[in-house]
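Q: I'll drop the sequence and a predicted model, then ask my questions.
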Amino acid sequence: MNVNPLPKRPSVIIWYKIYCVFMAIGYLAFSAYIAFLLWLPKEQLATGRFATKAIFALEYMWGGILSGTLMLSVFFIAALFLPRKSWVWVYGAIAICVGIPNCCCFPLAIPVLVVWFKPETKNYFGWGL
């Protein structure tokens, strides 16, 4: 009996890695933009009675968004280097689903997700062994 313990790599893996690279670059670019907004001098914006409180609130809001985009960047960069394990298939499905609400990523995320759920891809990650 000749059993192949290592299934052939499906082509969706290449598309998934391209998707993760584009998502990581997009989130890093957005992080740089937010960091630039936080770096801008706030004195020009401080006109009015409640201006300092509003600027303080905006800095907290943008700081939270900056930390979220940086975490998503790390999430997608890590997806490129994870081993071939069954839990990585779930990690990949979550990574693909993160891009679905984004109208720019939607055209790539849906086809990759459809192929991601095929049995060949699951077998590649060890679900059918």
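A: Noted; the coordinates are in hand.
Q: quick one: the helices in the protein, in order.
A: Listed in chain order, the helices of the chain (DSSP state H) span 12-39, 51-81, 86-99, 106-116, 119-124.
Q: which of those helices comes out lowest on mean pLDDT?
A: Mean pLDDT values for the helices of the chain show the minimum at helix 51-81, a mean of 86.
Q: can you list the buried residues in that helix?
A: Buried residues in helix 51-81, counted by 16 or more other C-beta atoms under 10 Å: 66, 69-70, 72-73, 75-77, 79. The way it works is simple: take the backbone N, C-alpha and C, and place the C-beta from them, glycine included.
Q: columns distance to residue 29 on top of those, output as CSV?
A: Output for those, formatted as CSV (distance: C-beta to C-beta, whole Å):
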residue, distance to residue 29
66, 12
69, 9
70, 12
72, 12
73, 9
75, 16
76, 13
77, 14
79, 18
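Q: quickly check those for the two that are furthest apart.
A: Distance extremes for these: the farthest pair is 66 and 79 at 20.7 Å, using C-beta to C-beta.
Q: quick one: pLDDT of the residue nearest to residue 123 when sequence neighbours are not counted?
A: Spatial nearest neighbour of residue 123, excluding adjacent residues (C-beta to C-beta, 6 or more residues apart in numbering): residue 7 at 4.9 Å. pLDDT for residue 7: 73.
Q: repeat for residue 129
A: So residue 129 comes in at 59 (pLDDT).
Q: can you pull the contacts of residue 107?
A: Residue 107 makes no contacts at all, as judged by C-beta atoms under 8 Å, 6 or more residues apart in numbering.
Q: any idea how far it is from residue 119?
A: If you measure residue 107 against residue 119 using C-beta to C-beta, to the nearest Å, the figure is 24 Å.
Q: could you do residue 21 as well?
A: Taking C-beta to C-beta, one finds residue 21 at 26 Å from residue 119.
Q: of these two, who's got more company?
A: residue 21 (14 against 9; other C-beta atoms under 10 Å).
Q: please name the nearest non-neighbouring residue to the more buried one.
A: Residue nearest to residue 21 in three dimensions, not counting chain neighbours: residue 80, with 7.0 Å by C-beta to C-beta, 6+ apart.
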